[in-house]
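A.B. asks: here you go, sequence then predicted model.
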Amino acid sequence: MSRIGVAWFRRKGTHKSMELELRINGVIESLDAAPNESLQTLLRREGHCSVKHGCETGECGACTVLVEGVPRPSCVMLAAQAGGCELMTVEGLGVASKLHPLQEAFIEVGAVQCGFCTPGMLLSAYALLKRNPSPTKDDVRDALSGNLCRCGGYEKPVQAVLRAAAVMRGEKVEALKYNTINPAQEQEVEHGNLLPVLASSAVASTVKLAVANPFLL
Amino acid sequence: MLHARILPSPHAHAVIRTIDISEAKALPGVYAVLTHKDVPRVAYSSVESTPSATALQDRYCLDYILRYVGDRVAVVVAETPDVAEQALKLIKVDYEVLPAVLHPRHALEPNAPRLHPEKESSGIFDYTRNVAAHIRADFGDVEEGFVQADLVVEGEYFVSPSQQVPLENHTVMTYFDENNCLVVRTNCQAPHYVRRALARILGLPARRIRVISTETSGSAGGRQELLLEDLCALLTTVTRRPVTLAYTRAEEFSSSVYTPHILRMKTGVLRDGTIIANQMILLAGTGAYGTHPLITQRNSLIPALALYPCPHLRFGAEIVYTNHAPAGVFCGTSLLQEFFALESHIDEIANRLGMDALALRRKNWIKTGDTYRLGQDSGLGRQDKPRVESCGLPACLQIVEDKLNWAGKRKHAAAKQGRFRRGTGVALAMQENPGGQANTSGALIKLNGDGSFDLFVGATDGGSGATTMVVQIAAEVLGVPLTDILIHTSETDFTPFASSTDAATAFYASSGATRKVSEQMRRQILAVAGRMLNVLPEALKISNGLISGPNGQQVMIEQVAAYALYNDGRQLMTTASWKVQQTPATFAAQGVEVEVDTETGNVRVFNVITAVDVGRAINPLIIEGQIQGSVAQALGATLSEELLYDQKGALLTANLSDYRIYAAPDMPEMQVYLVGTDDASGTFGAKVVATVPLYGIAPAIANAVVNALGIRLYHIPLTPERLLRAIHTQTKKKS
């Protein structure tokens, strides 16, 4: 779809609109918003498609955005409420060429399965580590309690956050181990080979989630 | 871009007497309003089923009969979602409300209303009794077996309805591209089926329809259906504009669900614990339309009973219509329900015989070399019965037994008093997809001038990591780094056909096709390299993208590609198809430790041990994540997830607070063990493990509760209310 598609999104119909000034990922933007528009709709319309749509009631956490550093569900927040605020989405956390340690840890540990809950988790984790650089496992679980995940079982994201916290404190982290019992040894399958593809497909999802793309629904 | 909204039925069962859309159409900003009078009356099924003349087709884009609260009455498309929402309120409908069937047992009653009396539908087993499908599979003669048994144990088990809860709601966008082809962007994972179905429903040639399965959230198996694509496509053909149609979370809860199941077990055993006859009869609702997995995938999965082969087996299922949201695909069809019944029942039998629960299982379970006794009779139409090529159950159960400290924990069963009581429980699970439907996939590969490969495979990855593993297989065969392979999937325009009714067989099919096509490509590369180096192709090896000969000659794949392109004048490329002949069986043993609060009825799971027979773990990172995810889902299904309806059939739990899935703080400590076995039937011995860890959790928890309290619950989810009721009943009995 060409640029014309983006223009269609901007057509107002019969609603009046207001002008809002927001600082999104460090960039001050002046945007038109309808009075009844949610922050989620505004952000996605402006290309920040890492903000996902999972429910309309602020229960799943897929739409998490940091507003003044606090994780908030953007689907139940009016765009107008964010006027004059500092917002952060995953697009501002890191880019493919320079990932944030949290993003790297998520990829390394295999915490990104479908990736839909990942942007929300990353932001919740980022906010946690800002206020508590040495969280316990329970602290991490608590911080992620508002981010629902249906693929993964939460174990790996928690592991990833603890790992990233250690890296950010400047500590060394151990290599990952799996409980593999009596693997068939006909052909050597080096586990080291896993990382590039996993990384590329997981980075592809996290990066896709992090990079503005008007095609993404 | 226009936005569409569906007008949902407020009644569980009704007929539209009149429908007036004039006011809605006149609203400024509304582009079209469609009712059953405006759409072609073509019967279809939202789920692809076994290709046959008797395929069940009972659904229409828009119908005048409404069969559940939330069923489609009409659809509106407008400039903005708000205008569409307003227009919905202006549609005037006069309903004739009919009595509704709200429980599978009621569907079979002689005076029950008929949900599908229409003539245009086909493939329904018996519409007069609301029976969508009737399944019987026999091995030997169970009645004879029961006569010969020393002890016959019966039990009835219930599983409440639940929902897949994919994190991303179903979303479709349709438009006409510059070639006047209808493009359908959807997060459905069966693009080829959607294309075929749309061609029929819309009357458009399939070649003018492109279906793109986008990257989508994990679907828990729920995305193999045509749910919104037909309406969205219709609106685009009517308006000639791009249209987007998506479910809200509340609508998603009513879109396709996991219906209630009632299972009756009857087992005949000898005094020494040998099972000689085993029968499972199940009654399940399919909701308003015949989409239950046992109807559509009947031939693709071996039933749970096969875990304990014995001389006499019977599996029967009656799938009936009810006025609820239609059944959708869930991971593993009805195996979660079946194993809950089977593995709870086995513990009951052990209890009656005074035998250890693990010993009883070990005495009767399936072993390597056994054949599947029920496979043939389930209608697979195979000449030879498939065999179990590898079975890791012994190793898996041993691990669980050790890690749980089974012997030690079970000894303390007698000393249980006080408010909090602990218990341990174990269950086994198995999944085998015999490939009776001959799932196929195709693959195409071409070598580019820079030494990279484009691999086109008919496969979709719903976050399962399947595409990563397929790339690993290609890289393994070709001898190149993973980053040299670019994979393309899920677009009907350029990815080969894949018949995917479930993710497991889809993986076996696509990995087989990938392996074959990679082997062909490897031969082409070595043939050219052999000429370049003046060495026999057979003497060459490829490793890390470098081809080397016996005497130190070397050439890079990049150079081979260039040589072929500019010297020979051709690009190296090839295609392959793969038809799945036999797939390996996956097994798991699962153990749990629970603590029951006898005052509140709360069951707290604090330890889960899962040991899975993974064949060869080609990607332990991904597999471990899949297993953990399945355990989380299963915990929800066992303890907290339940769809509740009111007396008129309206859904009460339509948001994520009322319908409770597990969140991070709820998770118990989990241990995952990947047990390797040798199996030639999967590609490189890899087994699909994503679904098998779902099945053992419910029975293991039920068994653990018995160990803790001496009370068996036959109904999941084991909510605190149900547990308290059972405790009070037991206390009353005692006093």
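C.D. replies: Sure thing, it's come through.

A.B. asks: list the contacts for residue B:321?
C.D. replies: Under the criterion of Cβ atoms under 8 Å, 6 or more residues apart in numbering or on different chains, the neighbours of residue B:321 are B:67, B:101, B:107, B:115-116, B:130-132, B:285-290. The C-beta positions use only the backbone N, C-alpha and C, and glycine is treated the same way.

A.B. asks: oh, I was asking about residue B:598
C.D. replies: Contact analysis of residue B:598 by Cβ under 8 Å, 6+ apart lists B:419-421, B:709, B:727.

A.B. asks: just the buried ones from those residues?
C.D. replies: Burial by neighbour count, 16 or more other Cβ atoms under 10 Å in any protein chain shown: within these this picks out B:421, B:709, B:727.

A.B. asks: in a markdown table, list the contacts of residue B:598 along with secondary structure, distance to chain A and pLDDT.
C.D. replies: Shown next, in a markdown table, are those (DSSP: H, G, I helix; E, B strand; the rest coil; distance: Cβ to the nearest Cβ, whole Å; pLDDT from 0 to 100):
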| residue | secondary structure | distance to chain A | pLDDT |
| --- | --- | --- | --- |
| B:419 | coil | 24 | 92 |
| B:420 | strand | 20 | 93 |
| B:421 | strand | 25 | 93 |
| B:709 | helix | 27 | 92 |
| B:727 | helix | 30 | 93 |
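
A.B. asks: so residue A:173 sits against residue A:163, correct?
C.D. replies: Yes. Using Cβ atoms under 8 Å, residue A:173 is in contact with residue A:163, at 5.4 Å.

A.B. asks: for the host helix or strand of residue B:341, output the C-alpha coordinates as CSV.
C.D. replies: Per DSSP states H and E, residue B:341 falls inside helix B:335-353. The C-alpha coordinates for helix B:335-353 follow below in CSV (Å, rounded to 0.1, in the frame of the first residue of the first chain):
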residue,chain,number,x,y,z
LEU,B,335,-6.9,-34.8,23.6
LEU,B,336,-6.8,-32.5,26.6
GLN,B,337,-10.3,-33.7,27.6
GLU,B,338,-9.6,-37.3,26.7
PHE,B,339,-6.4,-37.5,28.8
PHE,B,340,-8.1,-35.8,31.7
ALA,B,341,-10.6,-38.6,31.8
LEU,B,342,-8.2,-41.4,31.0
GLU,B,343,-5.3,-40.5,33.3
SER,B,344,-7.7,-39.7,36.2
HIS,B,345,-9.4,-43.0,35.6
ILE,B,346,-6.1,-45.0,35.6
ASP,B,347,-5.3,-43.6,39.1
GLU,B,348,-8.9,-44.6,40.2
ILE,B,349,-8.2,-48.1,39.0
ALA,B,350,-4.9,-48.3,40.8
ASN,B,351,-6.6,-47.1,43.9
ARG,B,352,-9.3,-49.8,43.7
LEU,B,353,-6.7,-52.5,43.1
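
A.B. asks: need the max-distance pair from the contacts of residue B:598.
C.D. replies: Spatially, the most separated pair among the contacts of residue B:598 is B:420 and B:727, at 13.0 Å (Cβ to Cβ).

A.B. asks: contacts only, for the nearest residue to residue B:491 once chain neighbours are set aside.
C.D. replies: Distance criterion Cβ to Cβ, 6 or more residues apart in numbering or on different chains; nearest residue to residue B:491, sequence neighbours excluded, is residue B:212 at 4.9 Å. Residue B:212 makes contacts with B:183-186, B:191, B:490-492, as judged by Cβ under 8 Å, 6+ apart.

A.B. asks: model confidence over the helix or strand hosting residue B:212, on average?
C.D. replies: Residue B:212 is part of strand B:209-213 when elements are defined by DSSP H and E. Here strand B:209-213 scores 92 as its mean pLDDT.

A.B. asks: roughly how far is it from the heart of the chain?
C.D. replies: Centre-to-centre, strand B:209-213 and its host chain are 22 Å apart (Cα atoms, centre = their mean, to the nearest Å).

A.B. asks: ends of stretch B:216-231, what's the gap?
C.D. replies: 20 Å (Cα to Cα, to the nearest Å).

A.B. asks: I'd say residue B:537 and residue B:522 touch.
C.D. replies: No. In this structure residue B:537 lies outside contact range of residue B:522 using Cβ under 8 Å: 9.6 Å.

A.B. asks: measure residue B:699 to residue A:67 for me?
C.D. replies: Between residue B:699 and residue A:67 the computed distance is 45 Å (Cβ to Cβ, to the nearest Å).

A.B. asks: now residue B:78, nearest residue through space, not along the chain?
C.D. replies: Using Cβ to Cβ, 6+ apart, the nearest residue to residue B:78 is residue B:84, at 4.0 Å.

A.B. asks: for chain A, see how far away that neighbour is.
C.D. replies: Per Cβ to the nearest Cβ, to the nearest Å, residue B:84 is found 11 Å from chain A.

A.B. asks: tell me which other helices or strands the helix or strand encompassing that residue touches.
C.D. replies: Assigned by DSSP H and E, residue B:84 belongs to helix B:81-90. For helix B:81-90, the packing partners by 3 or more Cβ pairs under 8 Å, 6 or more residues apart in numbering or on different chains; DSSP states H and E come out as strand B:2-8, helix B:22-26, strand B:30-34, strand B:72-78.

A.B. asks: report pLDDT for residue B:436.
C.D. replies: Taking residue B:436 on its own, its pLDDT is 47.

A.B. asks: ok, the closest residue to residue A:116 other than its chain neighbours - how many residues close by?
C.D. replies: Nearest non-adjacent residue to residue A:116, counting by Cβ to Cβ, 6+ apart: residue B:217, 3.6 Å away. The local packing of residue B:217 (other Cβ atoms under 10 Å in any protein chain shown) involves 25 other residues.
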